[in-house]
Each structure stands twice: as C-alpha cells, then as structure tokens.
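Asker: need the 3D shape of this:
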Amino acid sequence: LANGLEGYVATNLNMVDLQKQSESAADPKVKARFKELYMEYMTEGFGSDLDALRKEEKIDDEGLEMLVYALETGVQSFTDADQKMIVGD
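Answerer: Reported below is the predicted structural model:
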C-alpha cells in the first residue's frame with residue numbers, strides 16, 4: 001500500500017478510539033436536539049405505561065431519576081449520522 005499502512009491490522013480498540021474521536025467531534029447542538037426529540041417520542045409513545053408505573057410503583061425521586069436515565073440511554077443506540085439525519089441539521 002502506498003499510504004504507509006502495509007501490515008496494519010485494525011483492532012477493536014482502534015475502532016473504539018475512532019468512534020470516540022468522531023463522537024467528540026459531533027455537533028453538541030444536534031446531540032442536544034436529538035435527545036430532546038427522542039425523550040419526547042419515548043414519553044408520548046409510552047406515556048400510559050410510564051403513568052401506570054408512577055401510580056402503581058409509587059416511584060420516589062431516586063427511582064424517577066433512574067427511570068429517566070434508563071430512557072436516556074436509548075439515545076446512545078443512534079449514531080451521530082443517524083442523529084443528524086433525524087434532527088434534519
């Protein structure tokens with residue numbers, strides 16, 4: 001290879017590093033807007049389930065924080081490109 005990558009083998013760690021670099025370069029405004037849209041969608045789509053949990057389980061503040069955190073982790077399943085496409089930016 002003329003580009004100096006002869007014998008180079010990419011490992012999973014290399015791929016993780018590349019992903020982290022691209023994530024750190026992602027537009028924070030797009031990420032914030034996507035998170036907002038995602039949480040709106042989740043709360044609208046699962047509103048009755050969330051309401052039932054709130055009423056039946058008597059969730060305290062800590063439990064509510066855990067539930068919100070659990071919902072927010074779903075944002076991570078979308079790539080930066082997906083988020084940008086969905087946000088339309």
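Asker: show residues contacting stretch 77-85.
Answerer: 22, 23, 26, 27, 30, 31, 34, 38, 75, 86 (CB atoms under 8 Å, 6 or more residues apart in numbering). To be clear about C-beta, it is placed using only N, CA and C from the backbone, and glycine gets the same treatment.
Asker: for residue 49, state which of these is nearest.
Answerer: For the contacts of stretch 77-85, the residue nearest residue 49 by CB to CB is residue 38; the value is 16.4 Å.
Asker: so what touches the strand or helix carrying the closest one?
Answerer: Element membership for residue 38, per DSSP states H and E: helix 28-45. For helix 28-45, the external contacting residues (CB under 8 Å, 6+ apart) are 50, 71, 72, 74, 75, 78, 80, 83, 84, 86, 87, 89.
Asker: name the residues of it that are buried.
Answerer: The neighbour-count check on helix 28-45 (16 or more other CB atoms under 10 Å) flags 30, 31, 33, 34, 35, 38, 42 as buried.
Asker: so how far is residue 55 from residue 74?
Answerer: Going from residue 74 to residue 55 by CB to CB, to the nearest Å gives 23 Å.
Asker: farthest pair in the buried residues of helix 28-45?
Answerer: 30 and 42 (18.3 Å).
Asker: tabulate the buried residues of helix 28-45 (TSV), appending distance to residue 65 and pLDDT.
Answerer: Listed next are those as TSV, based on distance: CB to CB, whole Å; pLDDT from 0 to 100:
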residue	distance to residue 65	pLDDT
30	25	92
31	21	91
33	22	94
34	21	93
35	16	94
38	18	93
42	16	91
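Asker: out of those, who's nearest residue 66?
Answerer: When those are ranked by distance to residue 66 (CB to CB), residue 42 comes first, at 14.8 Å.
Asker: how near is the closest one to residue 68?
Answerer: Distance from residue 42 to residue 68, by CB to CB: 10 Å.
Asker: tell me, how many residues neighbour residue 79?
Answerer: Residue 79: 13 surrounding residues under other CB atoms under 10 Å.
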